[in-house]
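Q: need a structure here:
(one chain, ligands or ions: 3)
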Amino acid sequence: MHALLERLPGLDGLEVLPLELPDGEAAKTADVAVRAWEALGAAGFTRSDAVVTLGGGATTDMGGFVAATWLRGVRVVHVPTTVLGMVDAAVGGKTGMNTGAGKNLVGAFHEPAGVLCDLALLDTLPRAELVSGLAEVVKCGFIADPSILDLVEAEPAAALDPASPVLRELVERAVRVKAEVVSGDLRETGGDGSGHPGREALNYGHTLAHAIERSTGYAVRHGEAVAIGMVFVAELARLAGRLDDATAARHARTLDLVGLPTRWQGAPFDELLALMRVDKKSRGSLLRFVVLDALARPSILAGPDEHLLREAYAALAP
Ligand SMILES: NC(=O)c1ccc[n+]([C@@H]2O[C@H](COP(=O)([O-])OP(=O)(O)OC[C@H]3O[C@@H](n4cnc5c(N)ncnc54)[C@H](O)[C@@H]3O)[C@@H](O)[C@H]2O)c1
Ligand SMILES: O=C(O)C(=O)C[C@@H](O)[C@H](O)[C@H](O)COP(=O)(O)O
Ligand SMILES: [Zn+2]
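A: Ligands and ions are numbered 1, 2, ... in the order given. Prediction:
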């Protein structure tokens, strides 16, 4: 990775301070943030310097958080090396880390000065990580751009091939969805009164997903958990009379095509319910879910009956 960092355009003649983070979610802890701050302090890192992150979403989240907090904010440029990082984590300025209570509970909004997306970096990415990243792409299809779903359904193998124009188009379309949603509601303060939930729409499937990740000690990849979470919330919306049967069923069908998990019964529902209560969309004891009223029409379902939640969870059984 160091060699790659030194080859980045524009770094010639600049002093580079390499800082390695632990792999995956292990990067997103308070201890790692402290270590990074101490390293910046020792190197005399000032406001004319910039953080460059090089890695997947865990790296861009933590690197972005360190940049957001060091000297109350220095510039950050993200160079994502996973599909998930390219289409989601590096874009839009959410940064953060986990605590004992749950996923991403500490963080800051800190827009990157730039994002450099080079699909050639995906050549070494393990297939399971490519698959995981596609969950956020499919999410963008359901909440905003259904042509993403058509593309994935027509050519699922090409959707997983970094050399294919299909994956390139999917990445471009997903980034466009994210950038458009974020530019309307950078700090997730809410929709524009039209019923669209604003930035919260990007959290589609994430309420259960984050609970699953936490309950397994992050053994389930983020994208895998989001896939399960989307199937759950589609069924919840169907049971609540908000979403038609065909669109609800399309979730598992499309996600299955690219090898994402759509079934789950890994933890008792009561444990997941407790974990879902710390979700950032909650207001007091009121649980709030992003649901679809129709394809590409996201909205909020607040305080659904617990029996609906249990029924939707039971429907995930293998
Ligand atoms: N800030 C946001 O808006 C946002 C959005 C979505 C997800 N996220 C966060 O992103 C994280 C998930 O990101 P991820 O899926 O990229 O996981 P990750 O960062 O854990 O990377 C997955 C694995 O791929 C390896 N890897 C990365 N690039 C590689 C490459 N080019 N070749 C070979 N191996 C490579 C990593 O070392 C790691 O083992 C989660 O913590 C999630 O919460 C944040
Ligand atoms: O950018 C957003 O907003 C998102 O919700 C994108 C999600 O895919 C991403 O996983 C995000 O980190 C989740 O945010 P959180 O606020 O629920 O921690
Ligand atoms: Zn996500």
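Q: and the stretch 201-318 of the chain, which residues reach ligand 2?
A: 202-203, 206, 280 (C-beta under 6 Å from any ligand atom). Backbone N, C-alpha and C define where each C-beta goes, glycine included.
Q: Please indicate which of those residues are buried?
A: Neighbour counting over these (16 or more other C-beta atoms under 10 Å) leaves 202-203, 206, 280 as the buried ones.
Q: Would you mind putting these into TSV with secondary structure alongside?
A: Listed next are those as TSV, based on DSSP: H, G, I helix; E, B strand; the rest coil:
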residue	secondary structure
Leu202	helix
Asn203	helix
His206	helix
Lys280	coil
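Q: nearest spatial neighbour of Leu21, skipping sequence neighbours?
A: The shortest distance from Leu21 to any non-neighbouring residue, by C-beta to C-beta, 6 or more residues apart in numbering, is to Ala27 (4.0 Å).
Q: what does Leu130 give?
A: Using C-beta to C-beta, 6+ apart and skipping residues adjacent in sequence, the residue nearest Leu130 is Leu160, 5.2 Å away.
Q: Now for the buried ones among the residues of the stretch 201-318 of the chain next to ligand 2: which two are most distant?
A: Leu202 and Lys280 (11.9 Å; C-beta to C-beta).
Q: ends of stretch 248-267, how far apart?
A: Chord length of stretch 248-267, first to last residue, is 23 Å (C-alpha to C-alpha, to the nearest Å).
Q: which helices and strands does the helix or strand hosting Arg250 pack with?
A: Here Arg250, judged by DSSP states H and E, is contained in helix 245-257. The helices and strands touching helix 245-257, judged by 3 or more C-beta pairs under 8 Å, 6 or more residues apart in numbering; DSSP states H and E, are helix 127-143, helix 147-154, helix 222-239.
Q: Out of those, which is the most enclosed?
A: Mean neighbours per residue, mean count of other C-beta atoms under 10 Å, is largest over those for helix 222-239, with a mean of 26.
Q: rewinding a little: wait, doesn't the residue nearest to Leu21 sit right on Ala33?
A: No. With contact defined as C-beta atoms under 8 Å, Ala27 does not count as touching Ala33 (9.5 Å).
Q: residues shared between the contacts of the two?
A: Residues within reach of Ala27 and of Ala33 at once, by C-beta atoms under 8 Å, 6 or more residues apart in numbering, are Met62.
Q: Next, please give the residue ranges for the helices of the stretch 1-150 of the chain.
A: For the stretch 1-150 of the chain, applying DSSP state H, counting those that start in this stretch gives helices covering 2-6, 30-43, 57-69, 83-84, 127-143, 147-154.
Q: Specify the stretch among the ones you listed that is closest to Arg214.
A: Closest to Arg214 of the helices of the stretch 1-150 of the chain, according to C-beta to C-beta: helix 57-69, at 14.6 Å.
Q: one step back: so which of the helices and strands packed on helix 245-257 gets nearest Asp185?
A: Among the helices and strands packed on helix 245-257, helix 127-143 comes nearest to Asp185, with 13.3 Å by C-beta to C-beta.
Q: what's Glu271 in contact with, if anything?
A: Ser215.
Q: again, 10 Å this time
A: Glu271 makes contact with 211, 214-215, according to C-beta atoms under 10 Å, 6 or more residues apart in numbering.
Q: Out of the residues you listed, name the ones that lie in helices.
A: Among the contacts of Glu271, DSSP state H puts 211, 214-215 in helices.
Q: show me the contacts for the spatially closest residue to Leu170 that is not a sequence neighbour.
A: Spatial nearest neighbour of Leu170, chain neighbours left out: Val137 (5.1 Å); criterion: C-beta to C-beta, 6+ apart. By C-beta under 10 Å, 6+ apart, the contact list for Val137 reads 83-84, 86-88, 145, 148-149, 151-152, 159, 167, 170-171, 173-175, 177, 223, 258.
Q: Swap in 6 Å and give it another go.
A: Taking C-beta atoms under 6 Å, 6 or more residues apart in numbering, we find Val137 in contact with 87, 170, 174.
Q: Next to ligand 1, which bits of the protein? Give me the list.
A: 23-25, 28, 55-59, 61, 81-82, 84-85, 88-89, 92, 94, 104, 121, 124-125, 129, 132-133, 222-223.
Q: now the strands for the stretch 51-200 of the chain?
A: Remark: strands assigned in the stretch 51-200 of the chain by DSSP state E, counting those that start in this stretch are 75-80, 94-99, 102-109, 114-115.
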